[in-house]
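> Kindly return the folded structure for what I paste below:
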Amino acid sequence: MSMEIKSIQKDSLDKLFNSLKSRGNLIYAPVKVKNEVQFDFVEKFEQITDDFIQTTQSVKNSVFPKIETLFKFVKTGKEVKMLDMDMSLIPEIVIWGIHPCDVWGFDSLRAIFTWDTHDMFFEKRMDKLTIIGMSCAKADDYCFCTSVNLGPGSTKGSDVLLTKTGNGDYIAELVSDKGKALATSMPDVFVQAVQSKKEDFLVVVEKRFDSESLIPKMQKKETFDSPFWVTNSLRCLGCGACAYVCPTCACFDIQDEGYGARNIRFRCWDSCGLKQFTIHTSGHNPREVQSQRWRQRLMHKFAYMPERNKVTGCVGCGKCSRACPVDMNIAEQLQEIDQKM
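Model prediction:
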């Protein structure tokens, strides 16, 4: 698919927002809450901030909610009637100002939720999603997107990718058919491209390791059996914070909750790093110590997913390392594996 390039003047960005809002879209954008930046639904353009490196949490809950009702069921005597959810109620959502690493998280989720049985809830939410990405003009020591074949100006997954230039205008790359249709419908916003070199406005993120060489090392039996996992997991608390902020973690639990005769079945986020995740009914736990659970986390992202789903389960955003209360820095550990295994 050929990509088109347009420009958006700094004074026209609010017109884009207002037009999307007037079409009935819910707009999910970064907002500043005290000392953090989080994605939230916004009503006004003025609520949005672009002054951040990373939001604390990812945006995966837009397609994979923290708690999602799968169906309802009603008991009447010995009969049980199942009530499917009305998929038409899933709203049209625009994710505004999302960085390229977070955008690529959707591809990893897609590989999981459509790998075998296609998840209709996930696919419907993805169909209703429009992604307006924003290139990265700054980074910190936790960022390592270039190590997993991405970059601060990567267009992968966006419908439109915006790059802010020195004078405050934006280079607008129309990546998908959805993005091109959006630009066509607003010719007063998406104007003739100005001759600017996008790379001049992107932050430089140094490559920490090579994921292409790391993956086969992770898939070796010697790596699985290495004492590295015990040594590097001694301080892990097993709190699950890393999984809950991650754009690609997709572990979930399914539970029933009853209200007399009326009941729901729902799924909710879970984590393979939590002790209860693998406990059998018998009480046996095949991953009984934290080093096994930490190994599972990294192996899943850099060994199992590349083999089974043909994608890497990490986008190099560094959210997990920022959120970790004991500084389990994933990039440093991957770098060590790449150098020593």
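
> For the residue lying closest to residue 63 once chain neighbours are set aside, give me phi and psi.
Take residue 63 and drop its neighbours on the chain: the residue closest to it by Cβ to Cβ, 6 or more residues apart in numbering is residue 125, 4.2 Å away. For glycine as for every other residue, the C-beta is placed from the backbone atoms N, C-alpha and C. Residue 125 adopts backbone torsions of phi -70, psi -40, taken as degrees, to the nearest 10.

> what's near enough to touch residue 125?
Contact analysis of residue 125 by Cβ atoms under 8 Å, 6 or more residues apart in numbering lists 62-64, 90, 93.

> any idea of the pLDDT on it?
With respect to pLDDT, residue 125 scores 97.

> re earlier: in ChimeraX, how would I select just the buried ones from the contacts of residue 125?
Filtering the contacts of residue 125 down to the buried ones (16 or more other Cβ atoms under 10 Å) takes a single ChimeraX command:
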select :62,63,64,93
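
> Now do the buried residues in stretch 114-128.
119, 121-122, 125-126, 128.

> Out of these, name the ones that lie in helices.
Judged by DSSP state H, helices contain the following of the buried residues of stretch 114-128: 121-122, 125-126.

> Find the pair from those residues with maximum spatial separation.
The most widely separated members of these, counting by Cβ to Cβ, are 121 and 126 (9.8 Å).

> thinking in terms of the whole chain, how far from its middle is the top strand by length along the chain?
Taking DSSP state E as the criterion, the chain has its longest strand at strand 67-76. Chain-centre distance of strand 67-76: 27 Å, with Cα atoms, centre = their mean, to the nearest Å.

> what pairs with that strand, and is each one parallel or antiparallel?
strand 79-84 (antiparallel), strand 262-269 (antiparallel) (DSSP bridges).

> pLDDT (mean, whole number) over the shortest one?
This points to strand 79-84. 92.

> so it versus helix 120-127, what angle?
Angle of strand 79-84 versus helix 120-127, following axes from the mean of the first three to the mean of the last three Cα atoms, to 10 degrees, is 20 degrees.

> which other residues reach strand 79-84?
71-74.

> one step back: need the residues that contact the longest strand of the chain.
80-85, 121, 254, 261-269.
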